[in-house]
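Student: Attaching a predicted model along with its sequence, questions to come.
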Amino acid sequence: MKKIPIYNQSPEAVGGIFIAYHSADDLANFDAKLEAHRDDFFIFFVLTKGHAILKCDMIDIEIKAINVLMIKPLQIHHGQDGSIDAAGYYIGVAPFLIPNNCIEIFQNLKTSEQLNTINTEYKEELLDTIDLLHRSFKSLNPNKAQIINGLFNALIYNLANIYSDSKSQIKELKNQSGIIYNNFKKLISDRTFLKSPSYFAKKLNITTSHLNDCVNASSGKSVTYWLQNAMITEAQRLLYYTDNEVKEIAFALGFEDHTYFSRLFKKITKETPLAFRKKFRE
């Protein structure tokens, strides 16, 4: 049985943020360069010239200039085609960097709503911010990480504004598994991620096994994975944005044993909480 590959963020990312500008040569016929896959981070494509077709969760989406397309973590996607003049920005973002009020907007979007035209109201400011972010990413400024983080915060709120009014006419495939998966994701919060799968199944009036089947069918991951993912994302935010001790963060997340939290964090991320903090703050 062939497995769909899951890719991690580029090691060139700075503090969880990666940005690149792809020219026409990079994008033309890019269907032959990358097979269908998942990424464990958010992606934003901002096309500035030409057009390209990308398949995301079984839907063909045509990106034109000036459009933005968001890919959620673990969505299956791959390139289909691109015009010879296609060019634009690729932005990869670790989920923990996206504020809760923004991530709620992005996660609740249907696949058909993930493509958006950048209207005149936001176009100039958005493109200027992306250009500054790209130039800062390539610079050797000693405060590079802090500058990139500040520009990213400006960018993500601009994107949230654009997507809060998202309207798309692309036809979307719908099924029961997808509906249950989306409803399950909406129930996950910083107050529920330590709950058992049966808690969520009860909320959705289905059995725990049926919930697991639906979540697996839609995302390729289990209910437990998504609960742990939500917990780890919140832990990473606290490690990144605060100077709180690991023990304090563990207790804030609802763990009674901070050593268990540290072991679980390392088991899932392959690094200790302090190693994560050091890596992303360098």
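Tutor: Here it is on my side, so go on. Numbers count the residues shown, from 1 in each chain.

Student: give me the low-pLDDT residue ranges for the stretch 51-200 of the chain?
Tutor: Applying pLDDT under 70 to the stretch 51-200 of the chain flags residues 165-174.

Student: can you rerun that using 50?
Tutor: Along the stretch 51-200 of the chain, segments meeting pLDDT under 50 span 167-173.

Student: For it, which segments count as strands?
Tutor: 51-56, 59-64, 67-71, 77-82, 87-93, 115-117 (DSSP state E, counting those that start in this stretch).

Student: now the helices for the stretch 1-150 of the chain?
Tutor: Secondary structure of the stretch 1-150 of the chain (DSSP state H, counting those that start in this stretch): helices at 24-27, 100-107, 120-138, 144-163.

Student: rewinding a little: just so I know, which of the strands of the stretch 51-200 of the chain lies nearest residue 256?
Tutor: The closest of those to residue 256 is strand 87-93. By CB to CB, the value is 32.2 Å. For every residue, glycine as well, the C-beta is placed using N, CA and C.

Student: what is the rounded mean pLDDT of stretch 227-245?
Tutor: Mean pLDDT, stretch 227-245: 87.

Student: one step back: deepest in the core, which of the helices of the stretch 1-150 of the chain is it.
Tutor: helix 144-163 (a mean of 18; mean count of other CB atoms under 10 Å).

Student: can you give me the offset of it from its chain's centre?
Tutor: Centroid separation for helix 144-163 versus its chain: 14 Å, with CA atoms, centre = their mean, to the nearest Å.

Student: now do stretch 39-57
Tutor: On CA atoms, centre = their mean, the centre of stretch 39-57 falls 12 Å from that of its chain.

Student: Tell me the buried residues in that stretch?
Tutor: 39, 41-48, 50-54, 56-57 (16 or more other CB atoms under 10 Å).

Student: how about that stretch as CSV, C-alpha atoms only?
Tutor: What follows is stretch 39-57, C-alpha atoms only, in CSV (Å, rounded to 0.1, in the frame of the first residue of the first chain):
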residue,chain,number,x,y,z
ASP,A,39,3.0,19.1,4.8
ASP,A,40,2.8,19.5,8.6
PHE,A,41,2.7,23.3,8.4
PHE,A,42,0.6,26.0,6.8
ILE,A,43,1.4,27.2,3.3
PHE,A,44,0.4,30.4,1.6
PHE,A,45,0.9,30.8,-2.2
VAL,A,46,0.7,34.3,-3.5
LEU,A,47,0.8,34.4,-7.3
THR,A,48,2.0,37.7,-8.7
LYS,A,49,2.1,36.7,-12.4
GLY,A,50,0.5,34.2,-14.7
HIS,A,51,-1.6,31.3,-13.5
ALA,A,52,-1.2,27.8,-12.1
ILE,A,53,-3.4,24.8,-11.3
LEU,A,54,-3.0,22.9,-8.0
LYS,A,55,-5.1,20.0,-6.8
CYS,A,56,-6.0,20.2,-3.1
ASP,A,57,-8.0,17.4,-1.4
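
Student: All set, thanks.
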